[in-house]
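**Student:** Would you be able to build a 3D model of this:
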Amino acid sequence: MVFDFDQRIDRGHSDSLKWHKYRDRDVLPLWVADTDFRSPSCIIEAIQKRVAHGVFGYGVTPAGLTEIIVQRMAERYNWTIRPEWIVILPGVVSGLNIAVRAFTAAGERTVAPAPIYPPFRGASRLADRAQLSLPLQRTENRWVMDIDRAEMTGNERLLMLCNPQNPGGTVYRRDELSRQLAFAQRHDLIVCSDEIHADLVLTPGVQHTPFAALSEDAAQRSITLISPSKSFNIAGLGASMAIIPDDTLRRRFKQVREGIVPGVDILALVAAEAAWREGEAWLQAQIAYLRANRDWLASRIDALPGLDMVVPDATYLGWIDASGLQVDNPARYFEQYGLGFSPGHDFGDDRFVRFNFGCTRATLQEAAARLQRAVEARR
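**Tutor:** Numbers count the residues shown, from 1 in each chain. Predicted structure coming up:
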């Protein structure tokens, strides 16, 4: 099948959060992590079929969705899970916040990499929990955690991981995950692992490994968060899952959720099942397109003085070091040249911006031209 990722779809006059931010301004929105690609037809058709039924009362999780999640974990990641381990959520961010509230108490700290996807920091702040940051270090052109330098006090309870890493794009190798597990064992930590970008590995030969698949001990101390939302551009539908093998952890997670976090929209459940059951060909075509976008962008960044980017193994997000430009606020500076990036400040590092290259090639080329003009203005 042929899929057209070069098709321009006008989102400027839609309900798109991404495009609404710069409405009526000549700024390319390259920030929040959704793509500009039309979702696969299998999802659209499944939703249309469900809408044609005409009744939208309270729903239950389709047995087929649970079935495909179990099958997918086994076939793609060699991880055998049970249906009862799955907790359906309206978003991964909900899962992060529930985990902090469920598995830490007042006076206890969470532990997370830095820089990191902003809701990791927000989940601790909103629960009035301190957070210990584990700095990411650039090692052999990959962003990895410096676990050995963690200054633990004994009141840490929850390790929050992001794999593939957002914003750095790292896919942690099995030996790196094993060191993270040893760290969790040494300090008796529960582990919440956000693996929402697991399907978007771009580098050939690199394999995503779920943290919980490392061993029985890893599984029994873990909450794994997954979703088809990033992979199939259905974030607005909001269907995500927590996989929690341990009965006690799962009961506590559900208890904290009860009465606060709503159930998942019935159309979101339909979309999630269609994505994972029928969307593989589209996903593989998108990965090839994103890989070409990534490589093209990396070559342009490499040619621009003052900018530096580690080539991400996964995601459609480029984490760009703009410190060489010597501007106080890189995101604000680039905005003057028509580029709407995510500010590095939100992730924990003011020197950077995050570039969403999940866009058409034409948009990417225009963004690169604007980026060059912005850099040349500093010379």
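
**Student:** make it CA atoms for all contacts and neighbour counts henceforth
**Tutor:** Fine.

**Student:** how many other residues sit next to A46?
**Tutor:** Applying other C-alpha atoms under 10 Å, we find 17 residues neighbouring A46.

**Student:** That one sits in which helix or strand?
**Tutor:** Here A46 sits within helix 41-53, counting by DSSP states H and E.

**Student:** repeat for W31
**Tutor:** Counting by DSSP H and E, W31 is found in no helix or strand.

**Student:** Would you mind measuring the gap between the ends of stretch 111-121?
**Tutor:** 10 Å (C-alpha to C-alpha, to the nearest Å).

**Student:** scratch that, stretch 184-194
**Tutor:** 16 Å.

**Student:** any residues touching it, and which ones?
**Tutor:** If you take C-alpha atoms under 8 Å, 6 or more residues apart in numbering as the criterion, stretch 184-194 is touched by 92, 96, 99, 103, 154, 156-163, 211, 221-226.

**Student:** what's the single longest helix in this protein?
**Tutor:** When the chain is parsed with DSSP state H, its longest helix is helix 280-302.

**Student:** how far does that helix sit from the chain's center?
**Tutor:** 17 Å (C-alpha atoms, centre = their mean, to the nearest Å).

**Student:** From I47, how far out is G54?
**Tutor:** Distance from G54 to I47, by C-alpha to C-alpha: 11 Å.

**Student:** can you give me the strands in the stretch 151-300 of the chain?
**Tutor:** For the stretch 151-300 of the chain, the strands defined by DSSP state E, counting those that start in this stretch cover 156-162, 190-194, 222-226, 240-243.

**Student:** Determine which of those approaches A314 most closely.
**Tutor:** Nearest to A314 among these is strand 156-162 (11.9 Å), distances taken as C-alpha to C-alpha.

**Student:** What are the contacting residues of the closest one?
**Tutor:** So strand 156-162 is contacted by 100, 103-104, 108-113, 116, 120, 184, 187-195 (C-alpha under 8 Å, 6+ apart).

**Student:** Could you please name the strands it pairs with and the direction of each pair?
**Tutor:** strand 109-114 (parallel), strand 190-194 (parallel) (DSSP bridges).

**Student:** Turn the ones you listed into a markdown table, including mean pLDDT, distance to L317 and mean neighbour count.
**Tutor:** As requested, the strands paired with strand 156-162 are exported to a markdown table (pLDDT from 0 to 100; distance: least, C-alpha to C-alpha, whole Å; neighbours: other C-alpha atoms under 10 Å):
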| stretch | mean pLDDT | distance to L317 | mean neighbour count |
| --- | --- | --- | --- |
| strand 109-114 | 98 | 16 | 24 |
| strand 190-194 | 98 | 16 | 26 |
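
**Student:** Same list, these, but as TSV with distance to Q365 please.
**Tutor:** TSV is the format used below for the strands paired with strand 156-162 (distance: least, C-alpha to C-alpha, whole Å):
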stretch	distance to Q365
strand 109-114	30
strand 190-194	31
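
**Student:** how about those, which one is nearest A298?
**Tutor:** Short answer: strand 109-114, nearest of the strands paired with strand 156-162 by C-alpha to C-alpha, at 22.6 Å.

**Student:** if we can go back for a sec, please spell out which residues along the longest helix of the chain are buried.
**Tutor:** 282-283, 285-287, 289-291, 293-294, 297-298, 300-301 (16 or more other C-alpha atoms under 10 Å).

**Student:** would you put the C-alpha positions of stretch 247-263 in CSV?
**Tutor:** In CSV, the C-alpha atoms belonging to stretch 247-263 read as follows (Å, rounded to 0.1, in the frame of the first residue of the first chain):
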residue,chain,number,x,y,z
ASP,A,247,-1.6,-7.3,42.4
THR,A,248,-0.8,-4.9,45.3
LEU,A,249,0.5,-2.1,43.1
ARG,A,250,-2.4,-2.5,40.7
ARG,A,251,-5.0,-2.3,43.5
ARG,A,252,-3.3,0.8,44.9
PHE,A,253,-3.1,2.4,41.5
LYS,A,254,-6.8,1.8,40.8
GLN,A,255,-7.8,3.0,44.3
VAL,A,256,-6.1,6.4,43.8
ARG,A,257,-7.6,6.7,40.3
GLU,A,258,-11.2,5.9,41.5
GLY,A,259,-13.6,8.8,41.4
ILE,A,260,-11.0,11.3,40.0
VAL,A,261,-9.8,10.0,36.6
PRO,A,262,-12.7,9.3,34.2
GLY,A,263,-13.1,6.3,32.0
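
**Student:** Figure out how far it is from the centre of its chain.
**Tutor:** On C-alpha atoms, centre = their mean, the centre of stretch 247-263 falls 22 Å from that of its chain.
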